[in-house]
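**Q** predicted structure and sequence below. I'll ask about it afterward.
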Amino acid sequence: MRIRISERDRRVMVKCAVARWLTTGQLQRLCFREVSADAARKSLRRLAQSGHLVTHREHSMAEAIHGLGPKGKVTLGAKGFAAEASREPPRQLEHLVGINDVRIAVEASRHGVLYCFASWELQALGWAHPLIPDLVAGMRCPERKAFLFEYDRSTEGLAILAKKFRLYEDGIPGVPLAALVMVADSDRRLATLARKIPELAGERPVLGCVLSELAASSIDARIFTDLRSGTGRLGLIESAE
C-alpha cells in the first residue's frame, strides 16, 4: 500500500523510533494536538496499514501502542535518520510507557530543554556511570542543570533504592546534577518514598511526584515534593534555583 507521507507522518515515525513504543494517547499529545482523537486514530491506522508503523494491542479494551514499521525505517533512512524497526513490545511495557510519559512532560517544558535521553539511549551513547537513570534531562534553569528521573512502579525493594541513592550521592562526572526525581506510580507509593527516603538519601536533592499528575501537565507544574524535607507543591525548576 503506497501512501503520501506528510511531515506529520515523518514526525510520528521519528517519535516512535526514538521512544521505541508509544501509545495512541501519547502520540496524540506529541503530534495531533490540533485534531480530534478519532482523526489521530485514523491517521495512525493508515500508517500501520501501509507498514510505516506496527501496532499492538494486548486485548480489545487496551490502548493501542505503536512502533516503527519496516517501511517507516526505509522512509526515515532516505532522510538520513537511521532507525531500527520495532518487532515485539518489551515484557516491561508499562515501565516503558511510563518513561515515555515522563519524556513527553519534559519536552513540554517552557524552560528550554537542552537534551533528553532515556536509559536505552544513554547506553547507546556510551554512558559509563554505573547509575543508569530511566531518563536524564538537561535544562536551562537559568543555569544549565541536569535532572535524573526514576519511574518507580513499586517493584524495587529498599535495598535497591539505597544502592541507587549511594551512586547518585557520589555524583556523575561532567553532569551538573540538580536533583533526582522519583516518579511514583501512585499516591500511596509516593507517601512510602517520602517516609523512607530521608533514611536512604544523602544531601543531594530528591524530589517526587505521581506519574498521573505529571502526564496530565508538564515538569513546569507545581506537583513535586521534596522527599527529604517533606515540602510539597514545588515546581521542578524552582527547586534547582
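**A** Nice, thanks for sending it over. Every value quoted in this text rests on a predicted model; they were computed, and no experiment measured them.

**Q** what mean pLDDT would you report for the helix or strand that residue 212 is a member of?
**A** Assessed by DSSP states H and E, residue 212 sits inside helix 211-215. Mean pLDDT, helix 211-215: 95.

**Q** buried residues in it, which are they?
**A** Going by neighbour count (16 or more other C-beta atoms under 10 Å), the buried part of helix 211-215 is 211, 213-215. Any C-beta I mention is one placed from the backbone N, CA and C, and that applies to glycine too.

**Q** format these as CSV; extra columns: distance to residue 234.
**A** Output for those, formatted as CSV (distance: C-beta to C-beta, whole Å):
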residue, distance to residue 234
211, 17
213, 13
214, 13
215, 18
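
**Q** between the residues you listed, which is closest to residue 204?
**A** Residue 204 lies nearest to residue 214 out of these, by C-beta to C-beta, at 20.7 Å.

**Q** excluding chain neighbours, give the residue nearest to the closest one in space.
**A** What sits nearest to residue 214 in space, not counting adjacent residues and going by C-beta to C-beta, 6 or more residues apart in numbering, is residue 105, at 4.8 Å.

**Q** tally of neighbours for that neighbour?
**A** 27 (other C-beta atoms under 10 Å).

**Q** wait, what's in contact with it?
**A** By C-beta atoms under 8 Å, 6 or more residues apart in numbering, the residues touching residue 105 are 214-215, 217-219.

**Q** the residues you listed: which two are farthest apart?
**A** 215 and 219 (11.0 Å).

**Q** in stretch 228-239, what counts as buried?
**A** 228, 234-237, 239.

**Q** my bad, should have said stretch 128-141
**A** 131-139, 141.

**Q** farthest pair within the residues you listed?
**A** Farthest pair in the buried residues of stretch 128-141, by C-beta to C-beta: 132 and 141, 23.1 Å.

**Q** report pLDDT for the closest residue to residue 204 other than its chain neighbours.
**A** Leaving aside its chain neighbours, residue 204 sits nearest to residue 169 (5.7 Å; criterion: C-beta to C-beta, 6+ apart). The per-residue pLDDT reported for residue 169 equals 86.

**Q** number of residues surrounding residue 169?
**A** The burial count for residue 169: 16, using other C-beta under 10 Å.

**Q** over to the one 10 residues further on?
**A** Look at residue 179: counted by other C-beta under 10 Å, it has 21 neighbours.

**Q** now residue 45
**A** 15.

**Q** identify the residue spatially nearest to it, adjacent ones excluded.
**A** residue 55 (7.6 Å).

**Q** so that neighbour touches residue 46, yeah?
**A** No: contact criterion C-beta atoms under 8 Å: residue 55 and residue 46 do not qualify, at 11.0 Å.

**Q** who has more neighbours, these two?
**A** For residue 55 versus residue 46, neighbours defined as other C-beta under 10 Å are more numerous around residue 55 (17 against 14).
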